[in-house]
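K.L.:
just need the structure, nothing else, for what follows:
(one chain, ligands or ions: 3)
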Amino acid sequence: MSSANYAEQKPFVFDASIFQKQSNIPQEFIWPDDEKPNPESSPVLHVPRIDLKGFLSGDPLVVSTTAELVKQACVEHGFFLLVNHGVDFELLKLAHKNMEFFFEKPLQEKLKADRKYGESFGYASSFTKRFSSKLPWKETLTFRYSADQKDSNIVESYFLNTLGEEFQEFGKVFQKYSDAMSNISLSVMELLGVSLGVGPKYFREFFEENDSVMRLNNYPLCQKPDLVLGTGPHRDPTSLTVLHQDDVGGLEVLVNGIWHFIPPDPQAFVVNVGDTFMALTNGIYKSCFHRAVVNSRSPRRSLAFFLCPKEDKVVKPPNELISSDNPRLYPDFKWPDLHEFTQKCYRVDMNTLDAFVKWLGSSQNMAISA
Ligand SMILES: C=C1C[C@]23C[C@H]1CC[C@H]2[C@]1(C)CCC[C@@](C)(C(=O)O)[C@H]1[C@@H]3C(=O)O
Ligand SMILES: O=C(O)CCC(=O)C(=O)O
Ligand SMILES: [Fe+2]
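P.N.:
Ligands and ions are numbered 1, 2, ... in the order given. Next up, the predicted model:
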């Protein structure tokens, strides 16, 4: 049965407050044996701690050592920690407090922001409208962020319009938080540009007017955590992800065929390269598989900012990153087409970018220039 038919016929609902107590896990949530988690055996992934303040100080020695560290991580797997990032800890605390406030509301209230079938934004409990198997053990609240001056209140007005006056303060907090995420993403883009030898301005300017996605994740506790996954294995189709996880832990990254654990650190953001940035670097920086496991002790929450280019930007690597040793790997594309592909044509899995490129090739006369 296709997921569309499934959605029309059997829209069952994941109510976190009920499911977290249930020891009988519905079949739709049970992952195949070869994809089931085994978090007790996951070694820690040692990722560099990138000092953003140090890089921004402009001290040539600090800049070059930081650029070298980030390059090694991005060539290998694309994950690193960002410390000394300058984001106010009070704002981080407020963001977590407000996220809790939302997820602890009764389901009926959360559904006021319901993410409709085929739409990208709103509240989704376990994607039961989109998929019929390997369902994620999570609920998400996703909203659009735009760095355009004319959209300076976009987050605030979204919450005021969908959830009403009670969410005015919530909207203000997440407007501020998303602005901060956009700003640090642009600083990271400067660092990534320097590390790739294209200079600090190239990628910063590319993403300056970003049109991005902000998401709050709630992973309720689960009585049988070894049967399910909070977020299944995937590579982010977006450009750069800036994640803040609470102190529970559950993020895992697949490196050399082994799932590795990234322990929570409230002082740090976990940053990773997504498929769109991998294409922008002509495959030099990797977008790597990761997932989130759940547990039976404590619910887990995370905040994810997915940096995306503005809709009219052509994703095409700079000439400096193309050579006879490293010819063009991906055709030109625009982010909205890849986004639409992930939402309508394809279930995001291990090889989204390759599948998208094949789909592009079959749907138009694909040209790889330069
Ligand atoms: C553009 C997006 C689609 C997803 C949310 C953002 C960036 C990452 C994507 C996602 C998280 C990748 C894993 C699968 C997914 C379905 C999820 O588990 O949430 C993806 C998001 C989505 O399609 O809603
Ligand atoms: O919650 C997490 O730790 C990771 C979530 C994730 O990978 C995603 O939302 O893309
Ligand atoms: Fe992800």
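
K.L.:
quick one: the strands in the stretch 251-370 of the chain, in order.
P.N.:
Here the stretch 251-370 of the chain has its strands, by DSSP state E, counting those that start in this stretch, at 251-255, 258-261, 269-273, 290-292, 300-307, 314-315, 333-334.

K.L.:
flag every residue of the chain that's near ligand 1.
P.N.:
Listed as neighbours of ligand 1 in the chain under the rule CB under 6 Å from any ligand atom: 136, 213, 231, 234, 236-238, 306, 339, 342-343, 348. C-beta coordinates here come from the backbone N, C-alpha and C atoms, glycine included.

K.L.:
identify the farthest-apart pair in these.
P.N.:
136 and 339 (18.7 Å; CB to CB).

K.L.:
who's more crowded, those two?
P.N.:
More crowded of residue 136 and residue 339, by other CB atoms under 10 Å: residue 136, with 26 against 19.

K.L.:
now do the contacts for the closest residue to that one other than its chain neighbours.
P.N.:
The spatially closest residue to residue 136, leaving aside those adjacent along the chain, is residue 231, at 5.4 Å (CB to CB, 6 or more residues apart in numbering). With contacts defined as CB atoms under 8 Å, 6 or more residues apart in numbering, the neighbours of residue 231 are 136, 138, 217, 291-292.

K.L.:
kindly check the end-to-end length of stretch 196-203 for me.
P.N.:
10 Å (CA to CA, to the nearest Å).

K.L.:
now do it: distance to the chain's middle.
P.N.:
23 Å (CA atoms, centre = their mean, to the nearest Å).

K.L.:
what sits up against it?
P.N.:
By CB under 8 Å, 6+ apart, the surrounding residues in contact with stretch 196-203 are 71, 189-194, 280-281, 284-285, 318, 320-321.

K.L.:
show the buried residues in those.
P.N.:
Neighbour counting over the contacts of stretch 196-203 (16 or more other CB atoms under 10 Å) leaves 71, 189-194, 280-281, 284-285, 318, 321 as the buried ones.

K.L.:
from the residues you listed, which is closest to residue 50?
P.N.:
When the buried ones among the contacts of stretch 196-203 are compared for distance to residue 50 (CB to CB), residue 191 comes out closest, at 7.2 Å.

K.L.:
what about the residue nearest to that closest one when sequence neighbours are not counted, neighbour count?
P.N.:
Closest residue to residue 191 in three dimensions, ignoring its sequence neighbours and counting by CB to CB, 6+ apart: residue 55, at 5.2 Å. Residue 55 has 26 neighbouring residues, counting by other CB under 10 Å.
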